[in-house]
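J.: Quick check, what structure comes out for this input:
(one chain, ligands or ions: 1)
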Amino acid sequence: MLVFEAKLEGRHEQYEKLDEAIRTARFVRNSCLRYWMDNRDIGRYDLSAYCAVLGKEFSWAGKLNSQARQASAERAWSAIARFFDNCKKKIIAKKGYPRFRSEQTHGSVEYKTSGWKLSDCRKYITFSDGFEAGTFKMWGTRDLHFYELKQYKRVRVVRRADGYYVQFCIDQERLEFRAPTSKTIGLDVGLTHFYTDSDGQTVENPRHLRKSEKALKRFSRRLSKTEKGSQNRAKFRNKLARKHLKVSRQRKDFAVKLARCVVESNDLVAYEDLKVRNMVRNRHLAKSISDAAWTTFRTWVEYFGKVFGVVTIAVPPHYTSQNCSNCGHVVKKSLSVRTHVCPHCGHTQGRDWNAARNILELGLRTAGHVGTTSLELENASGDIDLCLGGATPLSKPSRGKRKPKK
Ligand SMILES: [Zn+2]
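T.: A predicted model of the protein is given here:
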C-alpha cells in the first residue's frame, strides 16, 4: 500500500464542513465503542450493522458517507481487537483498554471508494456526501497521475495544526531491485549517539531535534502562563502544535533517509527489539524525542526491508551490552561504564560497538534457515556428509555388508 498526501486549499466554510465530517466520524467511532462496552460479546459485523442504525437515528450522522461510517466503525473495532490481542499476549502493564476520542487539533475522517471524486487533471478533489464540502485544490499531487482510479482504496481527510490534508491509500506494492552487497549490520541505540553499528561507525543524534526540544519546552512554558479560555492561549496552543508538527516532520525526514541508506547498503540489518515502555522506566533513557526518532527509524527500516528484499531482524535486548562479542562470556557492567573490557579473553571495545556486534550475532542466529529441510533430505540420501570429526557418530551397518560381488 502506498500513501500520498496533498494539502487541501478551499474556503473557510468548506473547512468548517470538513470539521463537521471529522466530528461525525469521531462520534461514530465513540458510539461503536460505547455499544461494545454495553454488549461485550458482539463482533466486528455487529458494529458495522450498528453504523446503519446510527445513520438513521441521527440525521447529521446520516450525512456522512455510509462507507466512511463503516470505516469509523472499523477503527473502533481495531482498538478493541488490539486490546484483546494484548490480553492474550499477557502483557502485564498497560493493555490499552479502548478509550473514547476527545476533540483535538488533529483528527481525521476516512472515505473508501465513494463520497469523493478526483478531477480529470487530478489537481482537484470534490467531496460529495451529505456535508457537501465541495471542491478543493490539492497541493503536491504530481504522484497521483501514475495510478489507476481503481487502485485508490481509501481517501483520508486529516486535520493538522497547520491545515487540512488529504491522503490517498493506493493499492500498489512497492518493490525495488538492489544488488546484494554481502554486508550485514547490527545497530545499537545509544545514549550519546543515535546508533553505533557493528563496524564501530556511529551516527549522531540529529542536532535539529535537540534544538526543537528546547523550543518545545519554551512554548509549553509560555502556554501554561496564559489564561484559560483566552485568545492568547488559543494562539499559543496553535504555536505549540505547529512546532510539534515541525519536529515530527524533521524526525520523519531524518528517519526515512537514514533507514533507506542502511537498508540499501546491507543484506541483513539487526537491531534491538526495544519496548519504549521499558526505556521510559529507565530515567537515563527518558528522552522522549530521541525515543520517538528511534521508533520512527525502525518502522522505516522494516518498510524498506520489504521494498528492497533485505532481512530485518529485531532481537531481544537482553545481555546485548553485557556479553563479550569476542568470546561470549558475561561481563557485568553498569550504565556508566563506557568501555567493554573482557577479563576472559582480553577483548577491549567501546561499549556500544560491543553491543552492536552482539546484536548482529543474535540477528544472524535468529534469521532462520530456510534451506534446512532440503539439506536434511539430501543428507539422508547420503549426498552431503555433515559429519564433523567425532561430533556425529558414523553409521555402523555399512561395514561388512556391501561387499562387491565376486
Ligand atoms: Zn571475552
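J.: For Pro343, give me its contacts.
T.: Residues counted as contacts of Pro343 (C-beta atoms under 8 Å, 6 or more residues apart in numbering) are Val331. Every C-beta, even on glycine, is put in place using the N, C-alpha and C of the backbone.
J.: go on, Lys95?
T.: Counting by C-beta under 8 Å, 6+ apart, Lys95 touches 83, 86-87.
J.: Domain ranges for the protein, per the record?
T.: The chain is divided into the following domains under automatic domain parsing: 2-170, 184-366.
J.: Ignoring the adjacent residues along the chain, who's closest to Phe219?
T.: Once flanking residues are discounted, Phe219 sits nearest to Leu240: 4.4 Å by C-beta to C-beta, 6 or more residues apart in numbering.
J.: how far away is that neighbour from Ser212?
T.: In this view, Leu240 and Ser212 are 12 Å apart by C-beta to C-beta, to the nearest Å.
J.: cool, and Trp294?
T.: Applying C-beta to C-beta, the value for Trp294 to Ser212 is 16 Å.
J.: Can you pick out the residue with more neighbours from these two?
T.: Neighbour tally, Trp294 and Ser212, criterion other C-beta atoms under 10 Å: the higher count belongs to Trp294, 24 against 19.
J.: name the element that one belongs to?
T.: Assessed by DSSP states H and E, Trp294 sits inside helix 288-308.
J.: Alpha carbons of the helix or strand just after that helix, as PDB, please.
T.: Remark: after helix 288-308, the chain's next helix or strand is strand 311-315, criterion DSSP H and E. Extracted in PDB, the C-alpha atoms of strand 311-315 (Å, rounded to 0.1, in the frame of the first residue of the first chain):
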ATOM      1  CA  VAL A 311      16.300  -9.200   6.000                       C
ATOM      2  CA  THR A 312      15.500  -7.000   9.100                       C
ATOM      3  CA  ILE A 313      15.500  -8.700  12.500                       C
ATOM      4  CA  ALA A 314      14.600  -7.300  15.900                       C
ATOM      5  CA  VAL A 315      16.500  -9.300  18.500                       C
END
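J.: which helices and strands does strand 311-315 pack with?
T.: When contacts are defined as 3 or more C-beta pairs under 8 Å, 6 or more residues apart in numbering; DSSP states H and E, strand 311-315 packs onto strand 268-272, helix 288-308, helix 351-366.
J.: just so I know, which of the ones you listed lies nearest the ion?
T.: Proximity to the ion (C-beta to the ion) singles out helix 351-366 among the helices and strands packed on strand 311-315, at 9.5 Å.
J.: Quick one: residues in contact with that closest one.
T.: 184-188, 190, 192-193, 195-198, 200, 202, 268-272, 313, 315-316, 319-321, 323-325, 333, 337-340, 347, 349.
J.: roughly how far is it from the heart of the chain?
T.: 23 Å (C-alpha atoms, centre = their mean, to the nearest Å).
J.: Can that helix be said to contact the ion?
T.: No - using C-beta under 5 Å from the ion, helix 351-366 stays clear of the ion, coming no nearer than 9.5 Å.
J.: Pull out the buried positions in that helix.
T.: 351-363 (16 or more other C-beta atoms under 10 Å).
J.: and the closest residue to Pro98 other than its chain neighbours, what element?
T.: Excluding the flanking residues, the one nearest Pro98 by C-beta to C-beta, 6+ apart is Ala79, at 4.0 Å. For Ala79, the host element (DSSP H and E) is helix 66-88.
J.: helix or strand right after that helix?
T.: Counting by DSSP H and E, what follows helix 66-88 is strand 107-111.
J.: Excluding its own residues, what touches that following strand? List them.
T.: Identification of contacts with strand 107-111 by C-beta under 8 Å, 6+ apart yields 18, 21-26, 64-65, 67-68, 71-72, 75, 101, 127, 129, 154-159.
J.: Same question for stretch 145-160.
T.: 1-2, 5, 8, 18-19, 21-22, 71, 105-113, 115-116, 118, 122, 125, 127, 164-172, 241, 245.
J.: now stretch 13-27
T.: Contact partners of stretch 13-27, identified using C-beta under 8 Å, 6+ apart, comprise 8, 58, 60-61, 63-64, 68-69, 71-72, 101, 103, 107-110, 127, 129, 131-134, 136, 157, 159, 164.
J.: at 6 Å what do you get?
T.: With contacts defined as C-beta atoms under 6 Å, 6 or more residues apart in numbering, stretch 13-27 is touched by 61, 64, 72, 101, 107, 109, 131, 133-134, 157, 159, 164.
J.: swap in stretch 61-68?
T.: For stretch 61-68, contacts defined as C-beta under 6 Å, 6+ apart pick out 24, 54-55, 109, 111-112, 114-115, 129-131.
J.: Would you map the helices across the stretch 201-350 of the chain?
T.: Applying DSSP state H, counting those that start in this stretch to the stretch 201-350 of the chain gives helices spanning 207-225, 231-264, 276-281, 288-308.
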